[in-house]
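Q: predicted structure and sequence below. I'll ask about it afterward.
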Amino acid sequence: MKKAVVILFLLLAGVLSAMAARPRVALVLSGGGAKGAAHVGVIKVLEEKGVPIDMVVGTSMGAVIGGLYCAGYSGAEMDSLMMIQDWNRIIFDGGLVGGRYLVRIPFGPQSGEKALSAFPSGLVRGTEVEALFERLLPGVPDSQDFDTMPTRFACVSVDLVHKKEVVHHSGNLIEAIRASMSIPLFFEPVRKDGMVLIDGGMLNNYPVDVARAMGADIVIGVKVGEPEYQKEPEINDMFSVGDEWLEMYLRPKTEKNIAETDIFIGPSIGDMNVMSFQKECIRQLIDNGEAAAREVLPQLEKLAVSSGQDSRGTLFDPESGSGEISSDVGSKVSLAPAKKSSLSLGGYFDTEEIIAGRVNLALNQSADKGLKMNLIAKLAWNLQAGVECRYDFGRGFGLGVGYDFRNTNSNIFNQEDVLTCKFREHSFEAFFGNRSPKNLEVKAGARFQMFRLSGWSRYLNFFAKVEYDSRDDSCFPERGIRFKAEGGLCPTVMEAPGLFGDISLQFSGVIPIGQKFALIASIDHRSVISGDGRVPYHYINWMGGRQEGRYFDRQFTFAGFNHVIPFADILTSATLDARAKLGKKHYLTASGAYAFDTGAYRSVSDGRSTFGAQLGYSYDSIIGPLSFNVNWSNLTERVGFYASIGYNF
């Protein structure tokens, strides 16, 4: 028995001795914005091959991926997390609101703040980014030693006050990651202990020296875009300019850290940049990370200890919901309070209105209940402004009142001439409705409208509307449908010529064909019904252009002409867009449209058929689509041209 104990003791001592002799391995992850998704692919290969990771050091996106890994997430879980996020919403603090705004400035009272916060020191406050971390890391201590995490962790930021690099080894994990990724002028910096902290990539984008200082014997380093820096870069937007400027500035230190790397991995990024957060780009970057790691497998396999399930444990509380890798990850987690109000700004240029700006002041909009106000103004030749006050009782249900003003100068094609129609409109409404988080809106109420064409006309209109929109993008959707049904009834009061009403139905859906092609099919129908056949000018059917409701509330789009044209009381149109995606942001679209209108259902044989065609090109720029197209229809028998840049409204 004593002999067996001695043998067991010697075996255990041998194992402990072997473990003690194993070199400490550090994984260093560079910054790079969206390009950092490649880090996930590398981690997946390291786990697959059983390569031990004793510590992770990251900068910017490397800090994000490294922090999640060190907190207990596996490579496969991070792969899923990267793919299910709505990065447009997260990066832009709610996204380009309604697909129409470039700048969104949240404000509102929070603990320790005044009612109206100061103008931010970055384009984006990072509220949505912080909320994402809160969902993924519930139960993480407010302050801790990062060496006690399931895997040791450190990240790098830069202090603007003292002009020096800051290495985070302890404190609030979410705050440290958020500081490390605070791209100057884009994200607001993190203010802490008299420091103003920005992206660590400004001084140390590939922190191998930090890993060495932590005691790393072997460094596995991942620098996205290497060795592509040796090639002539494609500098074609503001982000590629920033990339190359920073690369030039940091090159000496980066090359020194590369020389200190034992196993270097340089995933290819192609023509992607720091803002390439589209799902297909994220997928490609993760796959490129895997491919790059497999190129150095002989070196990695020398370090392999074991493979299989990740048994490191987790820093966060799995019972809080963060362990669920789904679209509603962490839905049970109570998030930090966000700014409830915002000021949003947008603008565009086109050949119809030349230039236009848009301002949206939203007060208390993100609250679940209570009084909310939304003010919108379009500053252009066709001036529009509106305000809505709504009281929400919870779960999207509310009552409200609203006012809209419109000063319209529209170009109307009538037979062979283009005429200018000028009118003013005042609209007051009271409504009740429900706004579902599942992209469904139901609304009904009464509307009092005043129009001035040659003189003032007044109408009372009772209306109801149902709208559903599941498209993944308002400009270049790759999947989803949109459905809208609306009806109105004007009784014989005020200047109404008699009882009349309208019913409209609209549907569009995206049919993806592979990764690069899509068909977008649309059907629009509107019927105007009148007891004596008389319908006011403003309520008849209008159609034209590619922007719904541009000049008239009831205006449908049509691919054959830019100007609006009046149609008979019964109008149906169908459009098929065939779209090809060229590269990452270029789109070529061919459209065919057909419309049929008639004075009444009983006189279908007397109806008119209209055909239209359009060929267009678009580039998905950071400030909105840059588009131009040529079109033709048998009704106008003219070739039209239209160009725009920005998000139309």
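A: Perfect, thanks for sending it. All values reported here derive from a predicted model rather than from experimental measurement.

Q: for the nearest residue to residue 456 once chain neighbours are set aside, give its distance to residue 528.
A: Nearest non-adjacent residue to residue 456, counting by Cβ to Cβ, 6 or more residues apart in numbering: residue 450, 6.0 Å away. C-beta: built from backbone N, CA, C; applies to glycine. With distances taken as Cβ to Cβ, to the nearest Å, residue 450 is found 20 Å from residue 528.

Q: and the residue nearest to residue 456, what element?
A: Using DSSP states H and E, the element containing residue 450 is strand 440-452.

Q: now that strand: buried residues?
A: Going by neighbour count (16 or more other Cβ atoms under 10 Å), the buried part of strand 440-452 is 442-443, 445, 447, 449-451.

Q: do stretch 256-266 as well
A: 257-258, 260-266.

Q: among those residues, which ones are in strands?
A: Within the buried residues of stretch 256-266, residues falling in strands by DSSP state E are 263-265.

Q: of those, just say which sits nearest to residue 103.
A: residue 265 (37.2 Å; Cβ to Cβ).

Q: against residue 50, how distant is the closest one?
A: From residue 265 to residue 50 the distance is 17 Å (Cβ to Cβ).

Q: residue 347 too?
A: From residue 347 over to residue 50 the distance is 54 Å, taken as Cβ to Cβ.

Q: count of neighbours near residue 576?
A: Residues near residue 576, counting by other Cβ atoms under 10 Å, number 15.

Q: give the helix, strand or coil label for it.
A: strand (DSSP: H, G, I helix; E, B strand; the rest coil).

Q: which ones are touching it?
A: Under the criterion of Cβ atoms under 8 Å, 6 or more residues apart in numbering, the contact list for residue 576 reads 519-522, 591-593.

Q: the residues you listed, buried ones only, as a ChimeraX selection?
A: This is how ChimeraX selects the buried members of the contacts of residue 576, with burial counted by 16+ other Cβ under 10 Å:
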select :520,522,591,593
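
Q: which member of the contacts of residue 576 is positioned nearest residue 182?
A: Distances from residue 182 to the contacts of residue 576, taken as Cβ to Cβ, are shortest for residue 520 (38.3 Å).

Q: thought the closest one was touching residue 477?
A: Yes. With contact defined as Cβ atoms under 8 Å, residue 520 reaches residue 477; the gap is 7.2 Å.

Q: so what sits against both of these two?
A: Common neighbours of residue 520 and residue 477 (Cβ under 8 Å, 6+ apart) are residue 510.

Q: regarding the residue nearest to the spatial centre of the chain, what is its secondary structure?
A: Centroid-nearest residue in the chain, with Cα atoms, centre = their mean: residue 88, separated by 1.8 Å. Under three-state DSSP, residue 88 falls in the helix class.

Q: surely it is in contact with residue 279?
A: No. Here residue 88 does not reach residue 279: they are 10.5 Å apart, not a contact under Cβ under 8 Å.

Q: okay, now the unreliable bits of the stretch 151-300 of the chain?
A: Along the stretch 151-300 of the chain, segments meeting pLDDT under 70 span 226-250.

Q: which residues of it fall in helices?
A: For the stretch 151-300 of the chain, applying DSSP state H, counting those that start in this stretch gives helices covering 173-180, 208-213, 238-259, 279-294, 297-301.

Q: go through those helices and name the closest to residue 571.
A: Closest to residue 571 of those is helix 279-294 (Cβ to Cβ; 37.2 Å).
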